[in-house]
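> missing the sequence, but the structure's below:
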């Protein structure tokens, strides 16, 4: 490739130098031709001005006319101007043109100019001599001298000089034209041979380049096809050190990087598939749990619906039977009413369980926010709570601060939390025990706590005590009533107030529930 480029550069340089030399030679002979034609024109003008001046002098000598005298002076000035132009042209002719034998020499040109100058000087002297004869009255002698000057000097000497000079300039122009035409033909042949040589060289170099380029290009095309088909292990063989080898090397490097990236992608995809499988398993597990909880909810609702239907039917039947028989004694009426009361109490529990179930989520609970005195709320709620405690002869003590405790919350919801905690304390405490309720203020929080002397909560069950539908084992042993929704509902209400509920419990000793709420500003 480099040899081809060097040869092509040398050929173009040689062709350029040849054409430059030929154009210079053509320009040189063109200038010679132009100079010859200029000299020819100058000699023509000199000849015309000389004959005009000679004629004017002769007319003046013959006629002795003043007007002729003016014409003589004018023609003389014009003749000398032509002579000066010839002299200047001869002096400025380049010396370099004298290297051609056919072109002539600059000294010869200057010699001809000297001859013309000498002739003009001698002709002026001869005319002056004729003028003296005329002035002396020797008219015939003046005419003979003038006729002799015309024949010997003008026709015999001046005219041959002019003819020889014009002939020389014509010959110069002819030679210059021949040389120029020869150089043009020469340049034409050079251009033709150069074109033929360039065409042959281009064809040979094109075939050589095609042969040297075809194989690496085919190798590159095969490599790209293999890579496109996914064969990243394919490598293009590098057998040279040219540009194609450089490109093939980079192509192989690219294939290596693509292979590495594909391996990383496979690894990442494997990790991703593993994580997706894990998440899918977790989602399936959660879905199963949700399905289980939904099944339990459906079963619970079905059980509650069945249980509701039974007490309602019994209450209706007891009332109808009692009303139909007006001869019953008071004890029978009292027994019927007692059964109706027991069934009503049972029915109320079922209704409460349904309400808890329907409002188990905080988002479904409705709140009426207002600034309230937590001290007053606790005191009034405990008074209602003592009625439930009195049925089991449980004593309730209350400890509150002297000043009001202001919080932002829903009065009925906070009272509901106290009822839930109090109902659980009464339900799981034995008769004659004690329940302590206290309200305290520390820093920016108000907290009320309820401590009982009931069955307590096992350690393993404490972390699940606020889960929905969860009931501890000892609670199930005492009573199967309850849905396990009270404490989760209480926690939801407290958290909606930006508060928190905690529990401390010792099994068979008692439990202490504490609710903390932020103070109102």
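Arrived safely, thanks for sending. On a predicted model such as this, the values are computed, not experimentally measured, just so you know. Residues are numbered from 1 along each chain as shown.

> which stretches of the protein form strands?
Under the criterion DSSP state E, the chain contains strands at 370-373, 395-399, 406-409, 434-442, 445-451, 500-506, 510-518.

> Could I get those strands in CSV, plus columns for mean neighbour count and mean pLDDT?
All C-beta spots, glycine's among them, are computed from the backbone N, C-alpha and C. Compiled in CSV, the strands of the chain are given as follows (neighbours: other CB atoms under 10 Å; pLDDT from 0 to 100):
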stretch, mean neighbour count, mean pLDDT
strand 370-373, 14, 93
strand 395-399, 14, 91
strand 406-409, 18, 94
strand 434-442, 17, 92
strand 445-451, 20, 93
strand 500-506, 15, 91
strand 510-518, 20, 93
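
> Show me the domain layout of the chain.
As recorded under automatic domain parsing, the domains making up the chain are 2-205, 365-518.

> Point out the most buried one among these.
domain 365-518 (a mean of 17; mean count of other CB atoms under 10 Å).

> Distance from the chain centre to that one, please.
64 Å (CA atoms, centre = their mean, to the nearest Å).

> Equivalent analysis for stretch 192-212, please.
The answer for stretch 192-212 is 45 Å, by CA atoms, centre = their mean.

> sorry, back to before: among the strands of the chain, which is nearest residue 111?
strand 510-518 (133.6 Å; CB to CB).

> so what secondary structure elements neighbour that closest one?
strand 406-409, helix 411-427, strand 445-451, strand 500-506 (3 or more CB pairs under 8 Å, 6 or more residues apart in numbering; DSSP states H and E).

> In JSON lines: these, plus distance to residue 45.
Converted to JSON lines, the helices and strands packed on strand 510-518 look like this (distance: least, CB to CB, whole Å):
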{"stretch": "strand 406-409", "distance to residue 45": "128"}
{"stretch": "helix 411-427", "distance to residue 45": "134"}
{"stretch": "strand 445-451", "distance to residue 45": "132"}
{"stretch": "strand 500-506", "distance to residue 45": "130"}
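
> just so I know, which of those lies nearest residue 58?
Closest among the helices and strands packed on strand 510-518, using CB to CB: strand 406-409, at 147.2 Å.

> mind listing the helices for the protein?
Per DSSP state H, the chain carries helices over the ranges 2-63, 66-92, 106-135, 139-149, 159-228, 243-324, 330-358, 374-390, 411-427, 459-462, 473-478, 486-496.

> Reformat those as CSV; add mean pLDDT.
Output for the helices of the chain, formatted as CSV (pLDDT from 0 to 100):
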stretch, mean pLDDT
helix 2-63, 73
helix 66-92, 72
helix 106-135, 73
helix 139-149, 72
helix 159-228, 78
helix 243-324, 76
helix 330-358, 69
helix 374-390, 82
helix 411-427, 85
helix 459-462, 83
helix 473-478, 67
helix 486-496, 88
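
> Reformat those helices into a markdown table and put distance to residue 398 next to each item.
A markdown table is the format used below for the helices of the chain (distance: least, CB to CB, whole Å):
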| stretch | distance to residue 398 |
| --- | --- |
| helix 2-63 | 109 |
| helix 66-92 | 141 |
| helix 106-135 | 147 |
| helix 139-149 | 172 |
| helix 159-228 | 85 |
| helix 243-324 | 35 |
| helix 330-358 | 25 |
| helix 374-390 | 5 |
| helix 411-427 | 11 |
| helix 459-462 | 26 |
| helix 473-478 | 26 |
| helix 486-496 | 19 |
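
> Those: which one's closest to residue 444?
Within the helices of the chain, the stretch nearest residue 444 is helix 374-390; the backing value is 13.7 Å (CB to CB).

> List of residues touching the closest one?
395-396, 398, 400-401, 403-407, 411, 414-415, 418-419, 422-423, 426, 435, 437, 439, 446, 448, 517 (CB atoms under 8 Å, 6 or more residues apart in numbering).

> now stretch 253-272
223, 227, 232, 233, 234, 235.

> Any of these buried? List them.
223, 227, 232 (16 or more other CB atoms under 10 Å).

> Now render the contacts of stretch 253-272 as JSON lines, adding distance to residue 216.
Listed next are the contacts of stretch 253-272 as JSON lines, based on distance: CB to CB, whole Å:
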{"residue": "223", "distance to residue 216": "10"}
{"residue": "227", "distance to residue 216": "16"}
{"residue": "232", "distance to residue 216": "21"}
{"residue": "233", "distance to residue 216": "21"}
{"residue": "234", "distance to residue 216": "16"}
{"residue": "235", "distance to residue 216": "14"}
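
> Contact partners for the residue lying closest to residue 117 once chain neighbours are set aside?
Ranked by CB to CB, 6 or more residues apart in numbering and with sequence neighbours excluded, the top spatial neighbour of residue 117 is residue 83, at 6.7 Å. Applying CB under 8 Å, 6+ apart, we find residue 83 in contact with 46, 116, 117, 120.

> roughly how far apart are residue 83 and residue 110?
Here the distance between residue 83 and residue 110 works out to 13 Å (CB to CB, to the nearest Å).

> One more: residue 463?
According to CB to CB, residue 463 stands 134 Å off from residue 110.

> Of all the domains of the chain, which one is nearest residue 277?
domain 365-518 (28.4 Å).

> which residues are contacting stretch 424-434?
Residues from elsewhere that reach stretch 424-434, judged by CB under 8 Å, 6+ apart: 388-389, 391-397, 435, 450, 452-455, 475, 478-479, 486-487, 510-511.

> let's see 6 Å
Stretch 424-434 is contacted by residues 388, 389, 392, 393, 394, 395, 435, 452, 453, 454, 455 when judged by CB atoms under 6 Å, 6 or more residues apart in numbering.

> re the thing from before, now the domains of the chain in CSV, with distance to residue 215?
Formatted as CSV, these follow (distance: least, CB to CB, whole Å):
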stretch, distance to residue 215
domain 2-205, 17
domain 365-518, 77
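
> Among the ones you listed, which comes closest to residue 322?
domain 365-518 (26.4 Å).

> returning to that earlier point: out of the helices and strands packed on strand 510-518, the one nearest residue 158 is which?
Taking CB to CB, strand 406-409 is the member of those nearest to residue 158, at 141.8 Å.
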